[in-house]
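Novice: no sequence on hand, only this structure:
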């Protein structure tokens, strides 16, 4: 066994142990039927993975042979072997039959050789590249900003043009180029997303699209928890990409706000040995490092592993705050049979924080504080620690057709102990005093989720269609043992009070349980026209209890329980050309409510309905994605206070959100990578007892939002091996819940990099070049108003072998 393989085995088994899927072949005699292919130009290895998913065939290939090979891609309707021939054209490789159900990728014969030639091969074959894992949408290794596929809209790997809703993907290349280490870093550059910063990592920053909080998925397994409280996020070093679907996502999610969903797709092992890593150092003693090692664990390559470790140690631009985080991730993929893949992973993360900032208050007249950006209104004795562990297993089996069955199980457990303090009122401008509250929270949060689904194609009326059916289960439980103190009339600029050493006095517990069945069919009505129909039936229950610390807590069912709630979905996609399509879609979601009526009953769930039309294009051989959309989102049956001023409600409130989005991602020219997007948003209370006609959620719904990141790599000439880049984050004004207002801003960044050799890359990034002074988040007069980062720099080095 070589040194690389021994190192790989040692690293992986130290982190965890065990497994992943494979794919089933189609009989060679069944591969003459035409299928639709959409595989952009990219590295040959991931292209073969996509080919396997789109053809339903099985491919065997030596990953070491094709590691540097490229393909021009293939698009259109072809018999699978014809598509494979076009995919391999010019790559230096051809294919050869290697058994009843297998095609082998081999080096193309040189002139004069008598080996088998593409085009004259009359064998019907099958294919699924063994390049690591079962992820046909994998972005690692493509070196692209343009995603070639995504799974967030329905389990199956689909090109963005095949999804009749707005979808953004942050690829592995973009994460590395921009040094995006945290979910907050990444989401700031996703078009249409607003980040509401929270300096308390144990409460978490919040993420919004179209005025509503985003839900989350992990490798396609949905969670009822949003991306903030109780649902900590791991270092992004463990992920292949981040997929964001904007708008109602009830098909897989069931209950949840209609803003959209974020799918985190983790890295899988590769079938060839690779080691990579990076180190970054920046302003305010900000240090980040990560290491990633992957490869086969046995001689045949049927067991593959990967281990990733990452850590960050940093101060902040405001006084008295320091954070440290460490993440370890291990995964093993095992081919139990040629058609069955088992994947098992474990992740551990530890977060520690000294000096927690809950942001700044405003003055009682609504004016934001005009203080140094380094000012911290909260005491420096605040602190916390948090440990999160997650275990995930997935089993995939492919049949002797293009049908696949997959089952997933995920468990996450988080424990934290936090002591913090925050202003609880606006600041009196005459005395500079405010009220403070302190808190201790000992919290346990657990999440158990399972999903089983089947995907495949069927033939009807002479055409081929695709079907997804599945069921999932989600259960979350939380326990918060809490206590606190209050302090009145504290001078926020004077010496603050000492740690009151709060002890828990109460015990608050919650539990939610949701399960449902779902289905989606993609009907090929005509060559250019596809209809997408889907739906879900959901069962939802929630309970809560509040008692004294140390005593038994009685749980009672919360209002808003739902049985068999239906959430339909429909879409149409029309291909104008092989590169450009138009679409229209309708999506539904529901949100349970806890308010009560005058008769003592509970309100029915809110229902969110979104109508969206748009156009998408995949240009430059799939290297450039362009999309535009118009949408109208209606949030109906909201709690409406009636009689006004009472404690009772009726379900007649409405919010309407209208808007438009334009997004570009990919490579307009060789060497030029780009991601940019503009969003216009208008959200208003259409019917409300006290806020009718006013802006809805104005703290996170700017009317205008623009984001850009661009990078250019020079080849040849005096600037050979250099790259230059830059970005813009711009937003119109935001208004907090009680009138606190922050003006709009535009913040610029720049980067220069140098490719030292084929393995090493260095870069220097300057953020907020003009040192713009602005508030990036406003919430209310009491707290949670945050300055944006001042000018700062980050030097980074990355390597891959």
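Specialist: Noted; the coordinates are in hand. All values reported here derive from a predicted model rather than from experimental measurement.

Novice: how about residue 254, nearest residue that isn't a chain neighbour?
Specialist: Take residue 254 and drop its neighbours on the chain: the residue closest to it by Cβ to Cβ, 6 or more residues apart in numbering is residue 538, 3.9 Å away. For every residue, glycine as well, the C-beta is placed using N, CA and C.

Novice: got the confidence number for residue 617?
Specialist: Reading off the per-residue confidence, residue 617 sits at a pLDDT of 96.

Novice: that one pairs with what?
Specialist: Note on residue 617: beta-bridge partners by DSSP bridges are residue 580, residue 626.

Novice: then residue 591?
Specialist: Applying DSSP bridges to residue 591 yields these beta-bridge partners: residue 606.

Novice: run through the residues that contact it.
Specialist: Shown in contact with residue 591 (Cβ atoms under 8 Å, 6 or more residues apart in numbering): 255, 256, 257, 258, 605, 606, 607, 608.

Novice: assign the residue nearest to residue 254 to helix, strand or coil.
Specialist: Here residue 538 takes the strand state, with states given by DSSP: H, G, I helix; E, B strand; the rest coil.

Novice: ok, it - contacts?
Specialist: Here residue 538 is in contact with 254, 255, 514, 515, 516, 562, 564, 565, 566, 567, 590 (Cβ under 8 Å, 6+ apart).

Novice: which residues does residue 275 form beta bridges with?
Specialist: Judged by DSSP bridges, the bridge partners of residue 275 are residue 293.

Novice: wait, it sits on residue 801?
Specialist: Yes: in this structure, residue 275 sits in contact with residue 801. The criterion is Cβ atoms under 8 Å, and the distance is 5.1 Å.

Novice: tell me what the closest residue to residue 371 other than its chain neighbours is bridged to.
Specialist: Across the structure, with Cβ to Cβ, 6+ apart as the measure, the residue nearest residue 371 apart from its sequence neighbours is residue 360 (7.3 Å). Listed beta-bridge partners, residue 360: residue 785 (assigned using DSSP bridges).

Novice: got a pLDDT number for residue 360?
Specialist: Here, the pLDDT recorded for residue 360 equals 96.

Novice: residues contacting it?
Specialist: Applying Cβ under 8 Å, 6+ apart, one finds that residue 360 lies in contact with 368, 369, 371, 375, 377, 423, 783, 785, 786, 787.

Novice: please flag which of those residues sit within strands.
Specialist: 423, 786, 787 (DSSP state E).

Novice: partner residues bridging the closest residue to residue 721 other than its chain neighbours?
Specialist: Ranked by Cβ to Cβ, 6+ apart and with sequence neighbours excluded, the top spatial neighbour of residue 721 is residue 755, at 4.3 Å. With DSSP bridges as the criterion, the beta-bridge partners of residue 755 are residue 761.

Novice: ok, so of the contacts of residue 360, who is nearest residue 532?
Specialist: For the contacts of residue 360, the closest approach to residue 532 (Cβ to Cβ) belongs to residue 786, at 40.3 Å.

Novice: would you confirm that the closest one contacts residue 195?
Specialist: No: under the contact definition of Cβ under 8 Å, residue 786 does not touch residue 195, with a separation of 10.1 Å.

Novice: mutual contacts of those two, please.
Specialist: Applying Cβ under 8 Å, 6+ apart, one finds that residue 786 and residue 195 are jointly contacted by 776, 777.

Novice: related to what we said a few turns ago, tell me which of residue 275 and residue 801 has more neighbours.
Specialist: Each of residue 275 and residue 801 has its neighbours counted (other Cβ atoms under 10 Å); residue 275 has more, 17 against 12.

Novice: residue boundaries of the strands in the stretch 151-300 of the chain?
Specialist: Taking DSSP state E, counting those that start in this stretch as the test, the strands found in the stretch 151-300 of the chain are 166-170, 193-196, 206-209, 212-213, 215-218, 221-226, 239-246, 260-266, 274-282, 286-296.

Novice: direction included, what does the third one pair up with?
Specialist: For strand 206-209, sheet partners with direction are given as strand 193-196 (antiparallel), strand 212-213 (antiparallel), following DSSP bridges.

Novice: compare those and give me the one nearest residue 175.
Specialist: Using Cβ to Cβ as the measure, strand 193-196 is the one of those that comes nearest residue 175, at 15.3 Å.

Novice: let me see the mean pLDDT of the closest one.
Specialist: The predicted model assigns strand 193-196 a mean pLDDT of 94.

Novice: name the residues that touch that strand?
Specialist: Applying Cβ under 8 Å, 6+ apart, the external contacts of strand 193-196 come out as 184, 187-188, 205-209, 214, 244, 699-702, 705, 731, 776-777, 779.

Novice: show me how the record splits the protein into domains.
Specialist: Taking automatic domain parsing as the domain assignment, the ranges for the chain are 23-129, 160-266, 274-800.

Novice: good, we can wrap up now.
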